[in-house]
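>>> Here's my sequence, what's the structure:
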Amino acid sequence: MKQSTTALSFIDAPAGTGLADAIASRSSIFDMTQAAEEAVLRPAETGAWSYELRAALAARIAFLNDESALGAHYQAGAGSLASLADVANDGAATDYAAVVAFMDMAAARTKSAAAEDIATLKEAGVGDADIVRLAELNAFISYQVRVIAGLRLLKGDNA
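Here you go, the predicted model:
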């Protein structure tokens, strides 16, 4: 079953299988997930964050969560900022060190989040609305990673 959503493009669910039937019966959820992806990656109001930066950060989050295919998908849209998808890149060469550190913490060490993390972003000149945009991106990609892993488990693949 070939799908037109990002999350489903990474899952092979042949027609007539239980997984394909489950996906079909919940198609509105996948449609809403795709709409959320568009809203987070290509919003009408971008604030300080270009699509290329959002794609690089989305790829980085996917890589941090061991979703290399999803990471490569987003990294392909990151253009000149594709190097930020590399989890070894701290962002300092592109003046995104504070953003990269915040996104890594939110994606991989959420329990360690503290007010100081927001203060560091503000000290780097990031406004409140743009901090929210970063959090939205991180939350969505984390959700998408889990959707893909869940579908793999339903299919019987190792997640």
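
>>> What's the local residue count around the residue lying closest to Gln34 once chain neighbours are set aside?
Distance criterion Cβ to Cβ, 6 or more residues apart in numbering; nearest residue to Gln34, sequence neighbours excluded, is Thr5 at 4.2 Å. Where C-beta positions appear, they are placed from N, C-alpha and C, glycine not excepted. The number of residues packed near Thr5 is 20, by other Cβ atoms under 10 Å.

>>> Which phi and psi values does Thr5 adopt?
phi -110, psi 150 (degrees, to the nearest 10).

>>> Run through the residues that contact it.
30-31, 33-34, 37 (Cβ atoms under 8 Å, 6 or more residues apart in numbering).

>>> for Arg54, same thing?
40-42, 137.

>>> ok, so of the residues you listed, who is nearest Lys111?
Closest to Lys111 out of the contacts of Arg54 is Leu137 (19.5 Å), distances taken as Cβ to Cβ.

>>> who does the helix or strand encompassing that closest one touch, helix- and strand-wise?
In this structure, Leu137 sits in helix 128-155 according to DSSP states H and E. Identification of packing neighbours for helix 128-155 by 3 or more Cβ pairs under 8 Å, 6 or more residues apart in numbering; DSSP states H and E yields helix 18-25, helix 27-41, helix 51-64, helix 68-75, helix 97-108, helix 115-123.

>>> Can you point out the buried residues in that helix?
Of the residues in helix 128-155, 130-131, 133-134, 137-138, 140-142, 144-145, 147-149, 151-152, 154-155 count as buried by neighbour count, 16 or more other Cβ atoms under 10 Å.

>>> For that helix, the averaged confidence score.
For helix 128-155, mean pLDDT rounds to 96.

>>> so how far is it off the chain centroid?
5 Å (Cα atoms, centre = their mean, to the nearest Å).

>>> Next, the angle helix 27-41 makes with that helix.
Helix 128-155 runs at 150 degrees relative to helix 27-41, counting by axes from the mean of the first three to the mean of the last three Cα atoms, to 10 degrees.

>>> angle of helix 128-155 against helix 115-123?
Using the same axes, to 10 degrees, helix 128-155 lies at 130 degrees relative to helix 115-123.

>>> what residues does the helix or strand of the chain with the lowest mean pLDDT touch?
Least confident helix or strand, the chain: helix 18-25 with a mean of 89, by mean pLDDT, DSSP states H and E. Here helix 18-25 makes contact (Cβ under 8 Å, 6+ apart) with 1, 3, 8, 11, 13-14, 30, 151, 154-155.
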